[in-house]
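Asks: need coordinates for the following:
(2 chains)
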Protein chains: 2
Amino acid sequence: MNVAIVGTGVIGGSVGLAARRRLGATVRGSGPEAPRALERGAIDVACATLREAVEDADVAFVATPLGVIEETVDAVLAAAGADCVVSDVGSTKTAVVAGRDDERFVGGHPLAGSEAAGIEHAREDLFADAVWYLTPTARTSGVLYERLHRVLAGLGARPAAIDPDVHDRLMAAVSHLPHVLANVLVAQAIRAVDDGETIPATGPSFRDATRVAGANPALWPDILLGNRDALLAQLDETIARLTDVRAALAAGDRAAVTAFQEQAHAERRALLETHLGAGPTRELRIAVPNRPGVIADVALHLGRAGINISDLSLAPSPDNTQGEVGVFVPEADAERACEIIDGMGLHAT
Amino acid sequence: MNVAIVGTGVIGGSVGLAARRRLGATVRGSGPEAPRALERGAIDVACATLREAVEDADVAFVATPLGVIEETVDAVLAAAGADCVVSDVGSTKTAVVAGRDDERFVGGHPLAGSEAAGIEHAREDLFADAVWYLTPTARTSGVLYERLHRVLAGLGARPAAIDPDVHDRLMAAVSHLPHVLANVLVAQAIRAVDDGETIPATGPSFRDATRVAGANPALWPDILLGNRDALLAQLDETIARLTDVRAALAAGDRAAVTAFQEQAHAERRALLETHLGAGPTRELRIAVPNRPGVIADVALHLGRAGINISDLSLAPSPDNTQGEVGVFVPEADAERACEIIDGMGLHAT
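Replies: This next block holds a predicted model:
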């Protein structure tokens, strides 16, 4: 398999290392760090141009800084063959997906490695067991989506389909907002002591809460601005919630403060439970009409229900009018997955 | 040495385990969990009353829930001998210190073990290398303060003197506010997906940021309400800062967003640096007049300058009019510590 990587920083370089060592792929890279990526063994060939990197690729990843991702994806789609699946690794998805009407493009976002930038931080195991969001649409080619899914699983990641707007709202809530709050926390901690006093020691929970404060100032302004609308909505919600808590505290309303704490207790449990449950898997086989978007649709429906697809296979029928998809889901979710697939007018066995 | 523990939950029980095993102390405990603390080996004797636990103690710890700490400290001071140092472990200090005008009382707060309650979570090493704040005042007996400092260091903790109001402001910023924000983050993460959808997986940074969300709902409402004024001030500051960030984002002001990120980057570094530097220590010997409060004053002056006192010893002169204090500070801070002590009108060698 030929893999192209445009932008060989920490993410692109890690894709290269994993693709070479875990999949035995031939990896061609381009971009300013390509020579260093070659030295690190992250790529087989350092190409002078994007076109050279991409022309014979089966899979092409765009892993440039967020600010130039859209134009780079367009250039890669123009240079890549008709049978090449193209994906990006940007942390917001609505804009890049909305602007690309090409069956070869699937937006992507691995939840890994945003704190340290540069090829020197690339690691073969960066994606081991990490969620890698994919945003297929009705236009997406099933064959190409399945190939991308298989490659990502081969890198060690857990691909999960998600709607682009849900992805961006979710990232605003679970990544961008926490980064903003961590920044605010360190600012307030520093100012909690009088001028001229040294900051006293704090406990481990503060270190946990502020681990991402001030994360890579060269990247994060683009990330925050790139998801501006969703982040603004989250900030408004935070300000409203803090105003409510403030009122309960100011009034000495023990019942309200207790309810606030108990609700968070229950919600944290609910969030933790979604991270559990690898366990045994079952293969469901689904007969599907051979039309674009059906694979993406199945992946999205299961993704919305929180059902993880650990593997995906696709076999067209001989006359190419009908196909069969093999979907591997957790044993515990198999019944529910069948119902969801039946609800889509398909049939799973 | 006789140690009394009134309230043998996770903190009191851990003090008992460490005092017995690390200091060879005889530990008497009282309170509803005393029989279970005895079973766990955290105390030598389970007493039916606070008076029995305290009467022959050299050191008495009040480790009850926050809501009854003040009245319990008063009862312990009434029952304890003239030569017993009494401390508490409450997470706010201004009120308990302001209301106790007794040279035997030193407010305390170990930065450890607030997430799980009950004697079953007690551990001998709970305080290993943990900061244990102490709030001596001008009334505090130097002899008793030195004894408490030595006992806490013997439990494995790093005692650090701090003003009660600075302590409460600091805890509002580095503990109580982060707990409130973690609660808000889980609430928003759960609501970031549409009704009926399962919450998708999140990355490790979100788990770090929300580790304390919904911490023990039986304890935390009291902790938050107990430091209400300082926490309200922190919440107001947070709302103001978020409002500023919101405006910068809404305006697409890249320079302001970058400045925000860079400032947090620098501030996080500054905070991390205060946690570094164990290294070699030097003993400073200080001749001190034999008056109440002088030891507390030295400890507080050094504490305000961020200088950690790893050990403290006190030797009265034969005629009892003059004493000598041995203070162990990091080698790198020794010169600065001497200047501070000279600035107090004392002399360090």
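Asks: where in the stretch 1-150 of chain A is pLDDT low?
Replies: A:113-116 (pLDDT under 70).
Asks: what do you get if the cut-off is 90, keeping everything else the same?
Replies: Where the stretch 1-150 of chain A drops to pLDDT under 90, the residues are A:66-67, A:111-118, A:121, A:128-131, A:138-139, A:142-143.
Asks: count of neighbours near whichever residue of it sits closest to chain B?
Replies: Using C-beta to the nearest C-beta, A:Leu111 is the residue of the stretch 1-150 of chain A that sits closest to chain B, at 3.9 Å. To be clear about C-beta, it is placed using only N, CA and C from the backbone, and glycine gets the same treatment. Using other C-beta atoms under 10 Å in any protein chain shown, A:Leu111 has 24 neighbouring residues.
Asks: may I have the beta-bridge partners of the nearest residue to A:Ala48 once chain neighbours are set aside?
Replies: Nearest non-adjacent residue to A:Ala48, counting by C-beta to C-beta, 6 or more residues apart in numbering or on different chains: A:Ser30, 7.2 Å away. Here A:Ser30 sits in beta bridges with A:Val6, A:Cys47, going by DSSP bridges.
Asks: equivalent analysis for A:Pro289, please.
Replies: The partner residues for A:Pro289, given DSSP bridges, come to A:Gln322.
Asks: next up, the contacts around the residue nearest the centre of chain A.
Replies: Using C-alpha atoms, centre = their mean, the residue of chain A that lies closest to the mean C-alpha position is A:His109, 2.8 Å off. Applying C-beta atoms under 8 Å, 6 or more residues apart in numbering or on different chains to A:His109 gives the contacts A:89-91, A:93, A:132-133, A:135, A:167, A:171.
Asks: and these near chain B, which?
Replies: On the criterion C-beta under 8 Å from any C-beta of the partner chain, A:Tyr133 are the entries of the contacts of A:His109 that sit beside chain B.
Asks: I'd like the contacts of A:His109 as JSON lines, with neighbour count and secondary structure appended.
Replies: Formatted as JSON lines, the contacts of A:His109 follow (neighbours: other C-beta atoms under 10 Å in any protein chain shown; DSSP: H, G, I helix; E, B strand; the rest coil):
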{"residue": "A:Val89", "neighbour count": "25", "secondary structure": "coil"}
{"residue": "A:Gly90", "neighbour count": "27", "secondary structure": "coil"}
{"residue": "A:Ser91", "neighbour count": "24", "secondary structure": "coil"}
{"residue": "A:Lys93", "neighbour count": "25", "secondary structure": "coil"}
{"residue": "A:Trp132", "neighbour count": "22", "secondary structure": "strand"}
{"residue": "A:Tyr133", "neighbour count": "26", "secondary structure": "strand"}
{"residue": "A:Thr135", "neighbour count": "28", "secondary structure": "strand"}
{"residue": "A:His167", "neighbour count": "27", "secondary structure": "helix"}
{"residue": "A:Met171", "neighbour count": "27", "secondary structure": "helix"}
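Asks: what secondary structure does A:Ala213 sit in?
Replies: coil (DSSP: H, G, I helix; E, B strand; the rest coil).
Asks: now do the phi/psi pair for the closest residue in space to it that isn't next to it in sequence.
Replies: Leaving aside its chain neighbours, A:Ala213 sits nearest to A:Ala182 (3.9 Å; criterion: C-beta to C-beta, 6+ apart). A:Ala182 has phi and psi values of phi -60, psi -40 when expressed as degrees, to the nearest 10.
Asks: repeat that for A:Arg282.
Replies: Torsion angles, degrees, to the nearest 10, at A:Arg282: phi -130, psi 140.
Asks: check contacts around it.
Replies: Each residue near A:Arg282 by C-beta under 8 Å, 6+ apart is listed here: A:328-331, A:334.
Asks: for the stretch 201-349 of chain A, which spans come out with low pLDDT?
Replies: A:201-212, A:215-216, A:218-219, A:268-349.
Asks: show me the strands in it, by range?
Replies: Along the stretch 201-349 of chain A, the segments classed as strands by DSSP state E, counting those that start in this stretch run A:281-289, A:311-316, A:322-330, A:347-348.
Asks: tell me the angle the lengthiest helix in chain A makes with helix B:228-250.
Replies: Taking DSSP state H as the criterion, chain A has its longest helix at helix A:228-250. Interaxial angle, helix A:228-250 versus helix B:228-250 (axes from the mean of the first three to the mean of the last three C-alpha atoms, to 10 degrees): 160 degrees.
Asks: so which bits of helix A:228-250 are buried?
Replies: Burial within helix A:228-250, assessed by neighbour count using 16 or more other C-beta atoms under 10 Å in any protein chain shown, is assigned to A:228, A:230-235, A:237-239, A:241-242, A:245-246, A:248-249.
Asks: restrict the residues you listed to those near chain B?
Replies: Residues of the buried residues of helix A:228-250 in contact with chain B (C-beta under 8 Å from any C-beta): A:228, A:231-232, A:234-235, A:237-239, A:241-242, A:245-246, A:249.
Asks: contacts only, for A:Met344.
Replies: A:Met344 touches A:297-298, A:301, counting by C-beta under 8 Å, 6+ apart.
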